[in-house]
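Peer 1: any chance you could fold what I've pasted below:
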Amino acid sequence: MPRSSSASSKKINDIETKLQQKYGEAIVKEETGESYTVVVQSDKLDVKEAVSIVDLVMKELSITQDKIRVQYVSEQ
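Peer 2: The predicted model follows:
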């Protein structure tokens with residue numbers, strides 16, 4: 001069932017806001033096939049943090065974890 005893009009973009013904004021409180025910078029990019037890449041700014045990202053990001057995105061967007069990629073970039 002296709003989601004309306006405005007509802008989806010509101011949820012994406014909510015996710016970014018929550019992640020920005022913890023990581024400073026966070027972007028959720030919608031990829032093809034209803035998958036998403038989450039990029040956060042962090043010097044390192046441990047497994048526990050990555051899992052919590054995936055859990056948040058799964059819950060907010062009602063998607064499965066195989067549709068989510070998490071990446072981190074360190075501050076230059």
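
Peer 1: only C-alpha atoms for contact and neighbour calcs from this point on.
Peer 2: Noted.

Peer 1: so V39 makes contact with V73?
Peer 2: Yes. The pair formed by V39 and V73 meets the contact definition of C-alpha atoms under 8 Å, at 7.2 Å.

Peer 1: same drill for those two, tell me which one is more crowded.
Peer 2: Set side by side, V39 and V73 show unequal neighbour counts under other C-alpha atoms under 10 Å, the larger going to V39 at 19 against 14.

Peer 1: can you pull the contacts of that one?
Peer 2: The neighbourhood of V39, defined by C-alpha atoms under 8 Å, 6 or more residues apart in numbering, consists of 26-28, 70-73.

Peer 1: among the residues you listed, which ones are in strands?
Peer 2: 26-28, 70-73 (DSSP state E).

Peer 1: just the helices in the chain please.
Peer 2: For the chain, the helices defined by DSSP state H occupy 5-23, 47-61.

Peer 1: can you put these in JSON lines and add mean pLDDT, distance to G33 and mean neighbour count?
Peer 2: Listed next are these as JSON lines, based on pLDDT from 0 to 100; distance: least, C-alpha to C-alpha, whole Å; neighbours: other C-alpha atoms under 10 Å:
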{"stretch": "helix 5-23", "mean pLDDT": "92", "distance to G33": "14", "mean neighbour count": "15"}
{"stretch": "helix 47-61", "mean pLDDT": "97", "distance to G33": "14", "mean neighbour count": "15"}
